[in-house]
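> Sequence plus predicted model, see below.
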Amino acid sequence: MVASPFSPSESPDQTLARDTIFALSSGAGKAGVAVIRVSGPGVKECLHRMTRRRHSELPADLPKPRRAAIRTLVHPTTGDTLDHALVIFFQGPHSYTGEDVAELHTHGGVAVVRAALDALASLPQFRMADKGEFSRRAFDNDKLDLTSLEGLADLLSAETEVQRKQALRQAEGALYKLCERWRTSMVRSLALVEAVIDFGEDENIEEGVYAQVRDSVYQLAEELRGHLADNRRGEIVRTGIHLAIAGPPNAGKSSFLNLLAQRQVAIVSDQAGTTRDVIESTLDIGGYPVVISDTAGIRESGDTIEMEGVRRAKERLAQADLRLILVDAHALLDGGQVSCHPAATDRLTSTLQHIGIGPVPGSSSAWPVNPDLIVLNKWDLVPPSARPRLLEQLTRHHPLARDGHVVPLSCLSQDGFTALLDRLTGRLRAAFDTADLANPGITQIRHRQHLRGCLEALENFLELEEADVVLAAEELRRAAHCLGQLTGRTGVEQILDALFSQFCIGK
Ligand SMILES: Nc1nc2c(ncn2[C@@H]2O[C@H](COP(=O)(O)OP(=O)(O)OP(=O)(O)O)[C@@H](O)[C@H]2O)c(=O)[nH]1
Ligand SMILES: [K+]
Ligand SMILES: [Mg+2]
């Protein structure tokens, strides 16, 4: 958990005014163990009234903080034994919420849990927690900032390894710490600029203070720019990487989707133009969440419905994060053979041109999309003797096929599928690896907006002259405020006070 370095102390009155909240924190329904969490000023009283040492009628001592203790759980008024439970006590502020917290690990039966919850509800000023209320209290008590809370929410809904890791890092406060480092630097600069305003003529102000501030703001702006130029990696991993499969009709695109998904998601047939709509399936590929779109085969057609499908296919291809083009390898051959040197290469070029990739002669409507992988499907139909030559010719002579961008595959026999998956995972890792610990990613549009606002203010600052020192202070204040909105920690005065006390500028 992240403790704010600037946590304001809560007055005892505020604490007392609060209800004690409780909830079943583990999943609902029958289970081996259930965890009931209790937080608030009444926790000690609750443990005193509801727990006994085993085989004893006497109230048990409060368990040592953070140590599990076995207790008999009883009803606070009737004294009925409810269960034997493992009890853990966390003394505020060293707890998740920052208040006194107890965890009761009871047997997971539905009736046991209900009895325990009913017993808790009978205590004065105790009530069931609202949704997210424990985390809300953690935020109010400066135990968590907004980005950590968002990370926690993402962690609860993470479906793949990469999402889990990213969410965990954010929940642990990596983004928060980075933002606080930036914000502290900005507030420090602000303090110096305000010192220049207040004591500008004073001999106690060092020479060159303003230049120092400019340097540090310049560096900060560079760092923020670098952070914003992340190709939206974190956001994409959070919501799913969009991979489009496109290609000519009958290349085997739907067969490939079905192979990836390991079930019959899309209709496969030998009729060209089978797929019309975009068909989506969300899969876990090497730990990455990937939303795969199978699309209509791209070709000219008189059929208005098919043309709408083709339009959607092109649109999807243009918007995708990753593009996989599937072609029929057999169609690149000349009567089953790799004929004179440039033929297969030319055929690939023309196949790609037909689906709008690469320069289209005499057309201004070519869109500049580059495939991330070109899959040569129906490899089983390529005679084994022709395979090495075909591959060599393409990788050597086709500009889009170089650097291992071409992979042979047979959806029919599944030959080449494992190699293709490895290649795909490699591409995903290259494009979306978020494991850079020193550089926690931005995972929400909201983060990006506040960072942009912050950068804008810093850039405005850098355009000002030293004479505009009042405006300069205003921009720095705005920059720090933007970051404060990102983390939910907007207080500037506390940092300022702490810094001013170090400057020794007062007489
Ligand atoms: N021999 C062979 N046939 C394949 C392979 N992959 C797919 N096919 C066949 O090719 C035909 C077309 O497959 P689909 O998956 O429908 O192709 P598509 O690209 O989705 O076609 P459209 O949706 O019409 O654009 C079907 O008869 C498949 O069985 C393969 O690797 N080898
Ligand atoms: K088809
Ligand atoms: Mg299809």
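Structure received. Residues are numbered from 1 along each chain as shown. Ligands and ions are numbered 1, 2, ... in the order given.
> Poorly predicted segments of the stretch 1-150 of the chain, please.
By pLDDT under 70, the low-scoring segments of the stretch 1-150 of the chain are 1-17.
> Taking it, what residue is nearest to ligand 2?
The minimum distance from the stretch 1-150 of the chain to ligand 2, using C-beta to the ion, falls at Glu150 (43.1 Å). In short, each C-beta sits where N, CA and C put it, glycine included.
> just checking, next helix/strand downstream of the helix or strand harbouring that residue?
Per DSSP states H and E, Glu150 falls inside helix 146-157. Counting by DSSP H and E, the next helix or strand C-terminal to helix 146-157 is helix 161-171.
> hang on, the earlier thing: tell me, how many neighbours does the residue of the stretch 1-150 of the chain closest to ligand 2 end up with?
Per other C-beta atoms under 10 Å, the neighbour tally for Glu150 reads 21.
> so it touches Gln170, yeah?
Yes: under the criterion of C-beta atoms under 8 Å, Glu150 makes contact with Gln170 at 6.6 Å.
> okay, and the common contacts of the two?
Both Glu150 and Gln170 are contacted by Thr443, under the criterion C-beta atoms under 8 Å, 6 or more residues apart in numbering.
> Now do Ser26 against ligand 1, distance only.
As judged by C-beta to the nearest ligand atom, to the nearest Å, Ser26 and ligand 1 stand 45 Å apart.
> Setting aside sequence neighbours, what's the nearest residue to that residue?
With C-beta to C-beta, 6 or more residues apart in numbering as the criterion, Ser26 has its nearest non-adjacent residue at 4.4 Å, and that residue is Val35.
> check contacts around the one you found.
24-26, 103-105.
> Mind checking which of the residues you listed are buried?
Among the contacts of Val35, those scoring as buried are 24, 26, 103-105 (criterion: 16 or more other C-beta atoms under 10 Å).
> which among the contacts of Val35 gets closest to Gly234?
Checking these against Gly234 with C-beta to C-beta, the nearest one is Ser25 at 27.9 Å.
> List the residues that contact that closest one.
Contacts of Ser25 by C-beta under 8 Å, 6+ apart are 35-37, 103, 134.
> give me the subset of the residues you listed touching ligand 1.
Filtering the contacts of Ser25 for proximity to ligand 1 by C-beta under 6 Å from any ligand atom leaves nothing.
> which stretches of this protein have low pLDDT?
Across the chain, the ranges flagged by pLDDT under 70 are 1-17, 201-206, 336-341, 359-369, 435-438, 491-507.
> repeat that for 80
Along the chain, the parts satisfying pLDDT under 80 run over 1-17, 28-29, 55-57, 199-207, 335-342, 358-370, 402-404, 434-439, 490-507.
> what about the residue of it found nearest ligand 2, which SS state?
Residue of the chain nearest ligand 2, by C-beta to the ion: Thr274 (3.6 Å). Per DSSP: H, G, I helix; E, B strand; the rest coil, the secondary structure class of Thr274 is coil.
> pretty sure it is touching Ser255, no?
No: Thr274 lies out of contact with Ser255 (C-beta under 8 Å); the separation is 10.3 Å.
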